[in-house]
Every structure is written in C-alpha cells, then in structure tokens.
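A.B. asks: need a 3D model of the sequence below.
(chains A and B)
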Amino acid sequence: MLSTSSICYTAGRKDILKNVSADFLPGKFSMILGQNGSGKSSFLKIFSGETTKYSGTVLYRGKSIQSYSKNELAKVRAVMSQQPELSFPLTVDEVIMMGRYPHFEFRPTAIDITICKEVTERMRLENFLNRNYLTLSGGEKQRVHYARVLAQIWEQKNEIRYLFLDEPLNSLDIAYQHEFLELAKELKSDNTVIVAVMHDINLAAQYGDQLFFLKDGALIASGSPSTILTESLIEKTFGVKTTIINNPISGQPLILYNTKQ
Amino acid sequence: MLKKSKYFFSISIILLIVVLIAAIAFGAVSIRPAEMFSSLKHFFQGEAPANIYEGVFLKLRLPRVLLCAITGAVLAVSGVLMQGLFRNPIVEPGLVGTSAGAAFGASLIFVLGSNINPTFKSTMGPFLVPLFAFGGGLIATYVVYVLAKTEKRISIIALLLIGMTVNALGLSGVGFMSFIARDPQARSITFWGLGNFSGATWLQVSIVGSVALVVFIIATFFSKQLNALLLGEEEATYLGVNTGRLKTTILIINTAMVSVATAFVGVISFVGLIVPHIIRLLMGSDNKILLPASMIVGAILLTLADMAARLLIAPAEIPVGIIVSIVCAPVFIFLLKKFGAVGQKGGYNA
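C.D. replies: Residues are numbered from 1 along each chain as shown, chains lettered A, B, ... in the order given. Sure thing, here's the model as predicted:
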C-alpha cells in the first residue's frame, strides 16, 4: 500500500497542497482528477519521491519514502511524466533499455534484455527499435517512454510495485488511449499500486477503481466511480454543468457535458 | 549496433596509431621509425640519445605529440560531458566559459607570478599555473551554469548569451594581463591564447595525462547515469540517479581536466563541439560508446591539426588553435545545415 498523510506543500507564496491524505491500494487503479493547477502533478511528484520539500508523510508499505535510497526506490517505482525531454539522437531500443538502468551496473543482463523484448512486443514497437527517437511522432515517443517505464517494473517480484502516470494519454490517439489503460488494468492484478493523473472523467469512470478529486490543493472526495461521481461533485471540482447517465454498455456512469448550443 | 561499434573502434584505433607515428615522424626534422625505436631502447637502457634525431624524438617530438593527443581527447570528452550536463548538443568548454576562465586564471600567474610569495611559489612548482587555471575555469563555468538555470530548466538562449558574456569577460581579463605585461610575457600570452604545443614537456604530459586518465575513468563509470540525464533531471531521478551529485561531480572533474590542459596549451575551441557531433551522427548518443569514441577521434583530430600547424609554413609554426578553427568552423556549419533538421536521422533539436 502507498499511504500519504497530511501532505502540505507550498511553492513560493502559494499553497499548492493543503493537508492531503490518501491511501492507494495495490490491485486498484487509482486516479487523481482536478482542474489545472489544483495540485495533481505536485501531489504525484511528492509521493513518487521527486519533490522532497513538503510536510507530511509518504509511506511505501509502512516504510517512510525517505528511508529508501534513490536506486532502491527506482527498482520498484516507475513514473511516466508529462513530457520527457530528449533532444539527442538515441535509438528506440536504447531509450527502452534506460528503464532497466536501476537494475544493472554496467552491462544489461539476460533478464534485462528479455524484459525489454517483452515490453517492446507488448507496446508493438518491434518495428521501431532501430529508429532514431527524434524522428518519431509525439504519440510514438509517448509509447516508447511508456515501454521504458514498464520495463523498469516489469519483473514479477514478491514486492509491491508502484506505477505512477502523470496525464499519460496526452498525445495518444483514441485506440492507444484505450490500449494504454487496458494494459495498466492488466498490471493492477499483480500486486501493483497504480496511480494516474487524469483529465478525461469518462475514461476515469470506465477504467478507474478509486477516484480522488482535488480542488485548490485539497482532497474534496474519494471513492469508487459509481459511488462518488455526481453532477454536483463535477460542478464543484471543475465548474462545469453535466448530466450523468448510465453507460448502456458498461453500466458505469457516463458524463455528458451540458454545453450551450 | 554492437558490430558497428566494433568496426568503428578497430578502424579508429588503427587510424590513431598511424596518425601518431606520422606526427612523430614528420616535422622540421624527420625521424625514421628505426630512430624512434633505437631512441626508446637507449632510454630504457638508461643511455643518452645516440644522435640529434634520437634527442629530438625523445625530448621534443614525442612529448609534443602525446600532449597534443591527450589534449584532443580531453577536449572532445569534455564536450560530451558538457553536452550531457546541459542537455544540449551545441555546448562545449569554449562556450560555457570554462576555457576563458581557465585562460584568465593562468595568465594571472604568467604576469603577476613574480609578485607571489617565493616559498609558496616554489612549493607549488609546476602545479601553480594549472591550479589557478582550474580556479578560473571553475568560477566561470559555475557562474554560467547558475545564471542560465531557471527552475529546473536550462534556457539555451540564456546559456549562449551568458556563456558569451563570461567568455568575453575572461578573454578581456587575459587581454588586460598581456597589456600590463612586459614584452616577452605579452608575446607568450598572445601565442598561448591561440593554442600551441611548441613548449610541450614530459612534466606537462604527465600532469595532463594523469588528470585525464582519472577523469576518463570516472566519466566512464557515470556513463549510464549521464544517459539517464539526457531524459531530463526528473526522469533521471525516477531512474534512481542522484542528479545533484552527478552534476556536481561532472562539473568539477570536467573543469579540472579542461583547465589543466588549457593552462599548458592555451585555448583551443571547436574540438569539443565537432568531435561528439560527428560521432553522434555515426554512432548515436549512448555515452558508453560516445565517450571512448570521442576520446580517440579527438586525439586524432588535434594531432592532425598540430601536424598541419608544424608543417604548413615550416620551419615556422602556425598556432594550432587557428588551424582547428579554420577547418572546423565550416565543417560544423555544414553539419548543422545538413543535419540540423529534426526530421532526419541523426538530427538534433538544437
């Protein structure tokens, strides 16, 4: 389990997070929603170990995140950031292999190579392996990074693994958005904690098990989509009027936006 | 990829050996391989050189060629390290103030050295100039790095502008030193400012060589982490890299290496820019290959340039920095134009 309690975070004079406490369970796909600037990404950076100047506690299986070394953490926790920048000509297989960096010293082992191969096949990137990363489209780049992030924690171990995704669907087409979420859903059955920062409430309702709503740095609601998704919560969080109906296919809530004609 | 790199390394190492032997053989006095051989034999047997050729080989030509090759390797590797650190493929030690800062530090000692406490001076001996060069180089590089950095990003425009400014300041400092210097000093500063290897000694070879060796080993050790840093600091942290420690280490070892080389041979630009650039086009950006490959090609390039410097208007010499700039500037512009577009294989987002 990943447990955060009383997280407060201030940047400059602005309070980004105000006393946020949330537990993310293995086997559940947790999703954080909220307006731009509501503190979603900051929250993710705190419990992923990137930001260290905050107050409150972050516990990985009951152990404080500070007691892990950077490399120990990297062996069990992978993060997909919004826009990884890479302006050097590396091949796709080199980028994917970076995901295994925490696991080997100088040369990749046979396990590392096998894992990269499996991840590549899963992401259907076989034909891209020798391509220069810089020549890829935005969506292709994102898939490569996703493969890299998956390679980092692909190995089944007796430890809980953590996968954090910061707006992972940004430049993917509809097919890959679903592919991506399906893959994340498959992973969750293993003892993996998955937390994603999401924008699309409908995708969140369809794939998420636990939703967390942030508003101006405070956690205002959390729970499963069918229990907490209401028109008033969405209006309170986003300031947008909606109508919620039942999705005739999945039975999950389906949000319709009441925009003026 | 692996096979390709094997070919590359075999060919480039053979080429390096050929170039080194050629550079030793040709010059104001030609030295035949037999003389090189017998000179080395006499040296290891503890005997004096048998004739003038052996003497020239042992005391002048060999240290010069070695210093030149090591410096070429140093500058090229430094380019790789700086580009990794600033995450930009057009950075090199000449651009971020390291060389100019080191040059100013060294010129301080050249000109004002006579005023220094003699006991201090004699204790420091030959390390005084490289030490001041290191101080100057470190301050200049650090200032550029800190000023160009905002939040977690390094703005390349800011980096270029601040680098240019600090460079200009450092070189003005050198200019001022040569202005207040007495005549012979002034001439040597000017000459040294253009880069030259004519005064190479075995002591210089051993100092630059040992610093370079240590730095190369450390850099190779960090090559995986440097690769991770190409993704950005945040991503590197997620991959378990202690980015703060990595950056500080690289900045310090790199500055030490470039400053020590600059202290002895002067300012030589472009090698750190063009060598990694060519190798990225041929072999990609993996630092595990890029670092050793740059080392070898840097050595080849600068040795060739120094050979040209010695031979073109023999028996006089052209400062090697001028040769390097004349050759490399157009090549670099050509490369930028040809491969600058992102859409092409091997291109950059520079």
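A.B. asks: for the stretch 51-200 of chain B, which segments are assigned as strands?
C.D. replies: All strands of the stretch 51-200 of chain B, identified by DSSP state E, counting those that start in this stretch, fall at B:149-150, B:153-154.
A.B. asks: what does the stretch 101-250 of chain A give?
C.D. replies: So, for the stretch 101-250 of chain A - with DSSP E, counting those that start in this stretch - the strands run A:161-166, A:192-197, A:210-215, A:218-223, A:242-246.
A.B. asks: turn the ones you listed into a markdown table, columns for mean neighbour count and mean pLDDT.
C.D. replies: The way it works is simple: take the backbone N, C-alpha and C, and place the C-beta from them, glycine included. Output for these, formatted as a markdown table (neighbours: other C-beta atoms under 10 Å in any protein chain shown; pLDDT from 0 to 100):
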| stretch | mean neighbour count | mean pLDDT |
| --- | --- | --- |
| strand A:161-166 | 23 | 92 |
| strand A:192-197 | 24 | 92 |
| strand A:210-215 | 22 | 94 |
| strand A:218-223 | 16 | 92 |
| strand A:242-246 | 13 | 89 |
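A.B. asks: now stretch B:57-65: buried residues?
C.D. replies: Across stretch B:57-65, burial judged by 16 or more other C-beta atoms under 10 Å in any protein chain shown covers B:F57, B:L58, B:L60, B:R61, B:L62, B:P63, B:R64, B:V65.
A.B. asks: and of these, the nearest to B:A23?
C.D. replies: Closest approach to B:A23 among the buried residues of stretch B:57-65 (C-beta to C-beta): B:V65, at 4.6 Å.
A.B. asks: anything in the helix or strand where A:A74 lies near chain B?
C.D. replies: If you go by DSSP states H and E, A:A74 is part of helix A:70-76. Yes: Helix A:70-76 lies within reach of chain B by C-beta under 8 Å from any C-beta of the partner chain, at A:K70, A:N71, A:E72, A:L73, A:A74, A:K75.
A.B. asks: picking that back up, export the strands of the stretch 101-250 of chain A to CSV and tack on distance to chain B?
C.D. replies: Listed next are those as CSV, based on distance: least, C-beta to the nearest C-beta, whole Å:
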stretch, distance to chain B
strand A:161-166, 9
strand A:192-197, 14
strand A:210-215, 20
strand A:218-223, 24
strand A:242-246, 34
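A.B. asks: could you dump the ones you listed to CSV with distance to A:E118?
C.D. replies: Output for these, formatted as CSV (distance: least, C-beta to C-beta, whole Å):
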stretch, distance to A:E118
strand A:161-166, 15
strand A:192-197, 16
strand A:210-215, 28
strand A:218-223, 34
strand A:242-246, 38
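A.B. asks: and those: which comes nearest A:K28?
C.D. replies: With respect to A:K28, and counting by C-beta to C-beta, the nearest of those is strand A:210-215 at 5.2 Å.
A.B. asks: who are the packing partners of the closest one?
C.D. replies: Judged by 3 or more C-beta pairs under 8 Å, 6 or more residues apart in numbering or on different chains; DSSP states H and E, the packing partners of strand A:210-215 are strand A:14-24, strand A:29-34, strand A:218-223, helix A:225-228, helix A:231-238.
A.B. asks: so where's chain A shaky on pLDDT?
C.D. replies: Residue ranges of chain A with pLDDT under 70: A:189-190, A:260-261.
A.B. asks: ok, now the stretch 1-150 of chain B?
C.D. replies: For the stretch 1-150 of chain B (pLDDT under 70), the answer is B:1-2, B:117, B:120-124.
A.B. asks: now it against chain A: closest residue?
C.D. replies: As assessed by C-beta to the nearest C-beta, chain A sits closest to B:P89 within the stretch 1-150 of chain B, at 6.3 Å.
A.B. asks: tell me which of the helices and strands packed on strand A:210-215 sits most buried.
C.D. replies: Counting by mean count of other C-beta atoms under 10 Å in any protein chain shown, strand A:29-34 has the highest mean neighbour count of those, with a mean of 25.
A.B. asks: now the angle from the following helix or strand past it to strand A:218-223?
C.D. replies: Helices and strands here follow DSSP H and E; after strand A:29-34, the next one along the chain is helix A:40-47. Using axes from the mean of the first three to the mean of the last three C-alpha atoms, to 10 degrees, the direction of helix A:40-47 lies 80 degrees away from that of strand A:218-223.
A.B. asks: send the alpha carbons of the helix or strand following helix A:40-47 over as CSV?
C.D. replies: Counting by DSSP H and E, the next helix or strand C-terminal to helix A:40-47 is strand A:55-60. The C-alpha trace of strand A:55-60 is given here as CSV (Å, rounded to 0.1, in the frame of the first residue of the first chain):
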residue,chain,number,x,y,z
SER,A,55,5.5,18.4,5.2
GLY,A,56,3.5,15.2,6.0
THR,A,57,4.4,11.6,5.5
VAL,A,58,4.6,9.2,2.5
LEU,A,59,4.8,5.5,3.4
TYR,A,60,5.6,2.7,1.0
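A.B. asks: ok, which of the strands of the stretch 101-250 of chain A comes nearest A:A204?
C.D. replies: Closest approach to A:A204 among the strands of the stretch 101-250 of chain A (C-beta to C-beta): strand A:210-215, 5.8 Å.
A.B. asks: before we move on, back to that, tell me the one of the buried residues of stretch B:57-65 nearest B:V265?
C.D. replies: Closest to B:V265, out of all of the buried residues of stretch B:57-65 and judged by C-beta to C-beta, is B:R64, at 10.0 Å.
A.B. asks: right, and that closest one touches B:A309 too?
C.D. replies: No: at 10.6 Å, B:R64 does not count as touching B:A309 under the criterion of C-beta atoms under 8 Å.
A.B. asks: just put the residues of helix A:70-76 next to chain B in JSON lines and tack on neighbour count.
C.D. replies: Formatted as JSON lines, the residues of helix A:70-76 next to chain B follow (neighbours: other C-beta atoms under 10 Å in any protein chain shown):
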{"residue": "A:K70", "neighbour count": "17"}
{"residue": "A:N71", "neighbour count": "14"}
{"residue": "A:E72", "neighbour count": "13"}
{"residue": "A:L73", "neighbour count": "19"}
{"residue": "A:A74", "neighbour count": "25"}
{"residue": "A:K75", "neighbour count": "18"}
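A.B. asks: if we can go back for a sec, can you list the residues that contact the helix holding A:A74?
C.D. replies: A:49, A:60, A:65, A:101-103, A:152-153, A:157, A:159-162, B:237-242 (C-beta atoms under 8 Å, 6 or more residues apart in numbering or on different chains).
A.B. asks: quick one: is the helix or strand encompassing B:F216 near chain A?
C.D. replies: Element membership for B:F216, per DSSP H and E: helix B:202-221. No: judged by C-beta under 8 Å from any C-beta, helix B:202-221 stays clear of chain A, getting no closer than 8.6 Å.
A.B. asks: name the residues of that helix that are buried.
C.D. replies: For helix B:202-221, the neighbour count (16+ other C-beta under 10 Å) marks B:Q204, B:V205, B:I207, B:V208, B:G209, B:V211, B:A212, B:V215, B:F216, B:I218, B:A219, B:T220 as buried.
A.B. asks: and of the residues you listed, the nearest to chain A?
C.D. replies: Chain A has its nearest neighbour among those in B:T220, at 9.0 Å by C-beta to the nearest C-beta.
A.B. asks: mind listing what the closest residue to that closest one other than its chain neighbours touches?
C.D. replies: Using C-beta to C-beta, 6 or more residues apart in numbering or on different chains and skipping residues adjacent in sequence, the residue nearest B:T220 is B:L291, 6.0 Å away. For B:L291, the contacting residues are B:V77, B:V80, B:F216, B:A219, B:T220, B:S223, by C-beta under 8 Å, 6+ apart.
A.B. asks: for chain B, what's the nearest residue on the stretch 51-200 of chain A?
C.D. replies: For the stretch 51-200 of chain A, C-beta to the nearest C-beta, closest residue to chain B: A:A74, 3.0 Å.
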